[in-house]
Structures are given as C-alpha cells and as structure tokens.
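>>> Sequence and predicted structure, then a few things I'm wondering about:
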Amino acid sequence: MSVIQIKVDRSAVKKAKRIGRGCGNGRGRYCGRGQKGQKARSGGFINPRFEGGQMPLYRRLPKRGFKRPEKVFLNIFNVSALNVFPEGAEVTVDLLKKQGIVKNISIPVKLLANGELKVKGLSISVNHCSEAAKAKIEELGGKVSLIKG
C-alpha cells in the first residue's frame, strides 16, 4: 500500500454541530445553553475574577507596599562602557544610544564609576554623574557636563 492509496476514515472525522438551527439537529431548543441565567443570554459574559458574589480573592488578601508615583527611573551605565569611543570624542546621550550603551533616551542617563577607563580626553554630557566617575574622567584629561531633562 502506498501513500497515494491511503484514504481518510470517514468515521474519524466529526462534523461540527450547527447550533440554533431547529430541534432536528441534536442541539435544538436551548442550543446547549440551558435555561435562563446570565450564561444563557446573548452577550452573557462573566468576568473570570467573579466568584459568585462571595468576597473575591483580590479583596480578601492583605495589601502591602507602596509605589511612589514620582520615582525617577534612570538609564545607568559605567565608565568602562566608554572605552568604545576614540580619544577626544564628545559623548552625548544620542551617541550612547547609537552605540547601544543606553536603550531609551527619554529616560535620564546616569554615569557610574564601575570599571576602568582607558580612553583619554573624553567630554561627556549626561543627566547625572557620580563623583567617583567624574574624578576618573577628569584624571585622564576629560570633562563631564550635566544636562537637564
């Protein structure tokens, strides 16, 4: 027997029942919805969180913590990431984004002092900078300027 001669077993394929097409189709009268109630109505939808009127779980559990609405998130990168730039380069936030050091330039950028800097004479303009990072850059003849935003 070859693959061409294989036929589909008709008893294995079940045809979908057409719901709401009269009493003769096996799903007549209430069309599998039962009688009355929210689930029997058209557009009847019950929220998955609804627990039949008992006090829902999300209201029974104690609430903890607090999220400060004015919290500022920062893009943080280290001095060691600046080694990809040539000597004497002017490093801006846009240039950091192009190099892939910073992902989102709408969030303020902060420079930290972790790692070792080998490039001399960099002039960097970022939103925030740690004192140790500033000292490392100025030690190699560079300068740091802070921008607002």
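That came through, no problem. Numbering: from 1, shown residues only.

>>> From now on I want contacts and neighbour counts done on CA atoms only, so please keep to that.
Will do.

>>> Name the residues of stretch 88-102 that are buried.
91, 93, 96, 101-102 (16 or more other Cα atoms under 10 Å).

>>> name the helices or strands packed onto the longest helix seen in the chain?
In the chain, with assignment by DSSP state H, the single longest helix is helix 131-139. Judged by 3 or more Cα pairs under 8 Å, 6 or more residues apart in numbering; DSSP states H and E, helix 131-139 is in contact with strand 109-112, strand 143-146.

>>> As JSON lines, the ones you listed with mean pLDDT would be great.
Listed next are those as JSON lines, based on pLDDT from 0 to 100:
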{"stretch": "strand 109-112", "mean pLDDT": "96"}
{"stretch": "strand 143-146", "mean pLDDT": "95"}
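
>>> closest to Gly52 out of the ones you listed?
strand 109-112 (49.4 Å; Cα to Cα).

>>> Parallel or antiparallel, list what pairs with the closest one.
strand 75-78 (parallel), strand 128-129 (parallel) (DSSP bridges).

>>> contact partners of the last one?
Right, the one you point to is strand 128-129. Residues outside strand 128-129 that contact it (Cα atoms under 8 Å, 6 or more residues apart in numbering) are 108-112, 146-147.

>>> rerun that using 10 Å as the cut-off
Contacts with strand 128-129, where a contact means Cα atoms under 10 Å, 6 or more residues apart in numbering, come from 74-78, 108-113, 144-149.

>>> before we move on, back to that, in TSV, list the helices and strands packed on helix 131-139 along with distance to Glu87.
As requested, these are exported to TSV (distance: least, Cα to Cα, whole Å):
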stretch	distance to Glu87
strand 109-112	18
strand 143-146	13
